[in-house]
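Participant: Generate a structure from the sequence data that follows.
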Amino acid sequence: MPESLAPARRPDPATGSSARALCVAAGLTAALGLAPPVAATEGGGGHYPNGAEDFMVGALPPPGNYFLNYLSWYNASSFRDDSGERLFTDFNLNVVADTLRLIHVSKFQILGANWAAHLFVPLVNVEVSRRIAAPFARETDSRFGVGDLIIDPFILGWHGKNWHVTTGLDIYVPTGDFNQHNLANVGRNYWTFEPIFAFTYLSDGGLELSAKLMYDFNTENHDTNYQSGQEFHLDYTVGYHTGPWSLGVGGYYYQQTTDDELNGYSFLNGFRGQVFAVGPQVKYDYRNMAFTLKYQAETQVENRPQGNTLWFKFLYAF
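Facilitator: Numbers count the residues shown, from 1 in each chain. You can find the predicted model right below:
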């Protein structure tokens, strides 16, 4: 094991940010993920693409079959440490992801809730470059492929006059390609189990309050002996509906709750990530289709890339 990665040790503060960046670069595989990286965890990225959901997220649709397409572009020009300072002197990340989602909502009910199931298939292109400090050369890498699949065979949705609640357990399957020697990867090489609770309140006057709450349990990446910490995160929307249009403000909040571990020891004081993002969003409903456009800017970032995301989402009801 390199001396900089010895258990329970951190770079001497006197060596400055360059030594700390060296330690991060050596200890992480930079598995930058299935979609826009939004956590600390291994490589500064997590499984769930935070900010993916928005209007009416707590409302399971009526029985039937649905197709959704999530097209996103994430760009980050800095990687922040646990003080919010730049970790690398030169860093750039671009992730373009096109994620296909199929949903089946049945007429079968459990405890008054409709049962449903869904599947996500992400197509990902990752481009990343970094320079730790002079005189180190700039490293670059890019990858394209199918990312880690997401399945949930047991989703339940309840409905009231002005409220909707949906629960489930999303499972991230490590199907995407991963190589610990790559700077960029389209898969993360570990499983994630993510309980979900989503709710929507829609007033008679068209005011909407929605949120999707998630908590992630990650397994160990056995190729790198890296255990990503547990994560709490939520997508939120405050909106207004008028005719076929929905207008609002939304984004996400993320907080890592347990330490990252490398070879069984806490990595860089836990390397816990956090972020808050906000931006405008608009949706247009047309017959059996819906189109959503939104932009999200990240702030209050620690131990992860800091950037912005542009989303276009399409829904089709069969």
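
Participant: where are the low-confidence patches of the stretch 51-200 of the chain?
Facilitator: Within the stretch 51-200 of the chain, the ranges that satisfy pLDDT under 70 run 134-135.

Participant: Strands along that one, start to end?
Facilitator: 64-80, 90-110, 113-131, 139-146, 149-159, 163-173, 192-202 (DSSP state E, counting those that start in this stretch).

Participant: Which one, of those, ends up nearest to Val301?
Facilitator: strand 64-80 (4.5 Å; CB to CB). (C-beta placed from N, C-alpha, C; glycine too.)

Participant: So for the helix or strand harbouring Tyr252, what gets flagged as buried?
Facilitator: Following DSSP states H and E, one finds Tyr252 within strand 245-256. Neighbour counts over strand 245-256 (16 or more other CB atoms under 10 Å) mark 246, 248, 250-256 as buried.

Participant: got these as JSON lines, with distance to Thr292 and pLDDT columns?
Facilitator: Formatted as JSON lines, the buried residues of strand 245-256 follow (distance: CB to CB, whole Å; pLDDT from 0 to 100):
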{"residue": "Ser246", "distance to Thr292": "8", "pLDDT": "98"}
{"residue": "Gly248", "distance to Thr292": "10", "pLDDT": "97"}
{"residue": "Gly250", "distance to Thr292": "10", "pLDDT": "97"}
{"residue": "Gly251", "distance to Thr292": "14", "pLDDT": "97"}
{"residue": "Tyr252", "distance to Thr292": "15", "pLDDT": "97"}
{"residue": "Tyr253", "distance to Thr292": "20", "pLDDT": "96"}
{"residue": "Tyr254", "distance to Thr292": "21", "pLDDT": "95"}
{"residue": "Gln255", "distance to Thr292": "26", "pLDDT": "93"}
{"residue": "Gln256", "distance to Thr292": "28", "pLDDT": "92"}
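
Participant: Throw those residues into JSON lines and include distance to Asn125, thanks.
Facilitator: Output for the buried residues of strand 245-256, formatted as JSON lines (distance: CB to CB, whole Å):
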{"residue": "Ser246", "distance to Asn125": "30"}
{"residue": "Gly248", "distance to Asn125": "29"}
{"residue": "Gly250", "distance to Asn125": "25"}
{"residue": "Gly251", "distance to Asn125": "24"}
{"residue": "Tyr252", "distance to Asn125": "22"}
{"residue": "Tyr253", "distance to Asn125": "27"}
{"residue": "Tyr254", "distance to Asn125": "23"}
{"residue": "Gln255", "distance to Asn125": "28"}
{"residue": "Gln256", "distance to Asn125": "26"}
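
Participant: Surely Gly205 is within a helix?
Facilitator: No. Gly205: not assigned to a helix; according to DSSP: H, G, I helix; E, B strand; the rest coil it is coil.

Participant: Which pLDDT does the model give it?
Facilitator: pLDDT for Gly205: 96.

Participant: Closest one of the buried residues of strand 245-256 to Asn179?
Facilitator: Gln256 (24.7 Å).

Participant: so what's that closest one bridging to?
Facilitator: Going by DSSP bridges, Gln256 is paired in beta bridges with Glu231.

Participant: Determine how far the strand holding Tyr252 lies from the middle of the whole chain.
Facilitator: Here strand 245-256 shows a centroid-to-chain-centroid distance of 13 Å under the convention CA atoms, centre = their mean, to the nearest Å.

Participant: contacting residues around that strand?
Facilitator: 38-41, 46, 50-51, 54-55, 208, 229-240, 270, 272-285, 294, 296, 303 (CB atoms under 8 Å, 6 or more residues apart in numbering).

Participant: so after it, what's the next helix or strand?
Facilitator: Past strand 245-256, the next helix or strand by DSSP H and E is strand 261-262.

Participant: quick one, which of the strands of the stretch 51-200 of the chain is nearest to Leu183?
Facilitator: Per CB to CB, nearest to Leu183 of those: strand 139-146, 3.6 Å.

Participant: Which neighbouring elements make contact with the closest one?
Facilitator: Counting contacts by 3 or more CB pairs under 8 Å, 6 or more residues apart in numbering; DSSP states H and E, strand 139-146 is packed against strand 113-131.

Participant: Check which residues of the strand it packs on are buried.
Facilitator: 113-116, 118, 120, 122-131.

Participant: what does stretch 274-289 give?
Facilitator: 274-275, 277-279, 281-283, 285.

Participant: Over to stretch 308-318?
Facilitator: For stretch 308-318, by 16+ other CB under 10 Å, it's 308-309, 311, 313, 315.

Participant: before we move on, back to that, with distance to Tyr215 added, can I get the strands of the stretch 51-200 of the chain in JSON lines?
Facilitator: Shown next, in JSON lines, are the strands of the stretch 51-200 of the chain (distance: least, CB to CB, whole Å):
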{"stretch": "strand 64-80", "distance to Tyr215": "21"}
{"stretch": "strand 90-110", "distance to Tyr215": "21"}
{"stretch": "strand 113-131", "distance to Tyr215": "18"}
{"stretch": "strand 139-146", "distance to Tyr215": "26"}
{"stretch": "strand 149-159", "distance to Tyr215": "15"}
{"stretch": "strand 163-173", "distance to Tyr215": "10"}
{"stretch": "strand 192-202", "distance to Tyr215": "6"}
